Every structure is written in C-alpha cells, then in structure tokens.
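A.B. asks: Got a predicted structure here, sequence first:
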Amino acid sequence: MAMPQHFLHLEDIPTEELPGLLDRGASIKSHRLVLDSLAGSGLVLLFEKASTRTRVSFEVATRELGGYTLFMTPAESQLGRSEPLRDTARVLSRYCRGMVVRTFSQANLRELASYAEIPVINALSDSFHPCQVLSDLLTIRERTPDLSRVTVAWIGDGNNVAQSWINAAAKLPFTLFLACPDGFEPDRDLVNRALGAGAEIKLTRDPRQAVSAADYVNTDVWASMGQEGEKEERLERFAPFSLTPELLAHAPAGARVMHCLPAHRGQEITEEVLESPASIVWDQAENRLHMQKALMEWVFSKC
C-alpha cells in the first residue's frame, strides 16, 4: 500500500508545487467550483480545540468536493478515555478517507500520521497553522501576484501562525518581518532552517520597524487556547505591539491589514483598524474555504 500524503506543515508541500496549489485555489474561488474529488468519501474532523472558521470551511469544502464529514471531539470518542492515538489512527483508517485534526500538540499529529493509512491534515496545532497561511497567501496574491515585490510584517506572538509564515518564507520569494516581545519569538531552529533555505526573514522587537516597509501587516490574538493562565502577563507584555492607527501610520500608504480571527478588539488590534478600508480579514476568512478545497484535492491526488 502506498504511503498516504500527510499535511502536517507547509514543508510537506514541495516548493515547486506550492505556486500551482495557490493558482488552483484562485481558480476554485473564481468559478466557485463544486467538484467530485471526494465523491462519496467520509472525512473525520477530529477536534480537540473549538473552532468556527476551520470547522465550517472544512465541512463545506468537503461537501463541495462530493464528500461528507464526521465531527468528533475527545468527549465524544474513546480519545476522552485515553485510547492511544495509534489505535485511533488505525481504526479510523479502516472507516474513512482522511483525518482533519485540530489539536494542541504537534506530536499528536505526528503519531496519528505514523500509524494512519489515510492522509492526516493539520487543521491547527500549537506549533503550526498551515491551512491559515495558505489562505493568507492566496489573499495576498489576489492583490500582488508577484510575491517577490511583497513584504509581510508579523506583529505580536511568535505563535503557530507566525511559524507557518516562516515555513512559507522558505518556499516563496517574499520578505518577512517579525516583531515579537522578548521571550515570545518563534522557534529559533525553525527560523535558522528557513534562513538556510534562502528565506528573507528579519526579526525585531520594534513593531514600527517591522511595518515601515510592509505591504501587508498581520497580527493574531495574544493568548491562544490553552494559554488563558498567561493572559494578564501577555496583555502587559504585548501592549506596545497592538495594531493601532498610530502604528499603522508608520507603514507605507496602501498597506493592508490581516488577522486570522477571532479578533480581540482593543488588544492585538483596534476596532478602528479592523473595520478600516485597509482591512482584508474577511477575504482571508473566505479564502479558507477555497484553499482547503485545493489542498484536499492535492492531498488525495497523491493517494
């Protein structure tokens, strides 16, 4: 039996295939294509973390590819009773075409993928959020097709989304600035691997420097699910990194604002900026649907 094509992070997509995958997402969006790539196939959505955009976009995408979904949480399965992940992977492989997993630990994804005979897709982990960054790249390319002319600024936590942006910068020719508070930077080994692959990545603690040449200014919540106990410390440490009109004034005229949502207005981004003409967050959210259709086509075409 052929090994399944898993998608645990952007490094799983060959560099030469990534532009074509983004093109496919754009085509699917342009024509709102309803396809049959998953005709009659069942996908398990195995979610440890709550979700709006990820769950709905994957459910609709699967249906528009001709398949159907089964939604599971640990409370609704034997995972909540400590059944080993390897057992879950082997059993679900006998029932379904693939697994879409939203979890805390990247190690959980690796274990599922090690034992699964079907593709495992990372719908979010604490380390990476590759589906989000695929849709963000589509959102940027719709406005600036030549990514070699693009500078992206990431402001705030060096979190899972930031780390997927670092993966993307190792594969595509844009410049990435990351402005993170001391102690909240992305994984240094990940940054070094991307730099070694030729990525244009610049790290700073000054958000004004990061946005000064940015065509796209990106941010995210300061405390993700599972970090609630750190909320007060993070609110204090991250306050200078809030995406305000004053900070955006340091960016070039015409810079666009991005946020993967949900947004905490008044914390990482102000209401005024989020609702401004510069904001393209709703296009980002929509593009989750189109890129996930393209991604699942690509994943299952390899099986």
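C.D. replies: Right, received. Where do you want to start? Residues are numbered from 1 along each chain as shown.
A.B. asks: Can you list the buried residues in stretch 16-23?
C.D. replies: Neighbour-count burial for stretch 16-23 flags 18, 21, 22 (criterion: 16 or more other Cβ atoms under 10 Å). All C-beta atoms are positioned from the backbone trio N, CA, C, and that covers glycine.
A.B. asks: Considering those residues, which is situated nearest to residue 257?
C.D. replies: Ranked by distance to residue 257 (Cβ to Cβ), the buried residues of stretch 16-23 are led by residue 22 at 20.8 Å.
A.B. asks: Among the buried residues of stretch 16-23, which are located in helices?
C.D. replies: Among those, DSSP state H puts 18, 21, 22 in helices.
A.B. asks: CSV please, covering these and showing distance to residue 186 and pLDDT.
C.D. replies: Compiled in CSV, those are given as follows (distance: Cβ to Cβ, whole Å; pLDDT from 0 to 100):
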residue, distance to residue 186, pLDDT
18, 20, 98
21, 23, 98
22, 23, 98
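A.B. asks: mind checking pLDDT for residue 225?
C.D. replies: pLDDT, residue 225: 64.
A.B. asks: All the helices of the stretch 51-200 of the chain, residue numbers only.
C.D. replies: With helices called from DSSP state H, counting those that start in this stretch, the stretch 51-200 of the chain shows them at 53-64, 85-95, 106-115, 130-141, 160-169, 188-196.
A.B. asks: mind checking how far the first one is from the chain centre?
C.D. replies: Centre-to-centre, helix 53-64 and its host chain are 15 Å apart (Cα atoms, centre = their mean, to the nearest Å).
A.B. asks: The fourth one now?
C.D. replies: In this view, helix 130-141 has its centroid 7 Å away from the chain centroid, taken as Cα atoms, centre = their mean.
A.B. asks: how about the strands in the stretch 101-250 of the chain?
C.D. replies: For the stretch 101-250 of the chain, the strands defined by DSSP state E, counting those that start in this stretch cover 120-124, 151-155, 175-179, 200-204, 216-219.
A.B. asks: Distance to residue 293 and mean neighbour count added to the ones you listed, as CSV?
C.D. replies: Shown next, in CSV, are the strands of the stretch 101-250 of the chain (distance: least, Cβ to Cβ, whole Å; neighbours: other Cβ atoms under 10 Å):
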stretch, distance to residue 293, mean neighbour count
strand 120-124, 12, 27
strand 151-155, 24, 25
strand 175-179, 26, 24
strand 200-204, 30, 15
strand 216-219, 23, 27
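A.B. asks: and those strands as TSV, adding distance to residue 113?
C.D. replies: Putting the strands of the stretch 101-250 of the chain into TSV (distance: least, Cβ to Cβ, whole Å) gives the following:
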stretch	distance to residue 113
strand 120-124	4
strand 151-155	27
strand 175-179	27
strand 200-204	27
strand 216-219	28
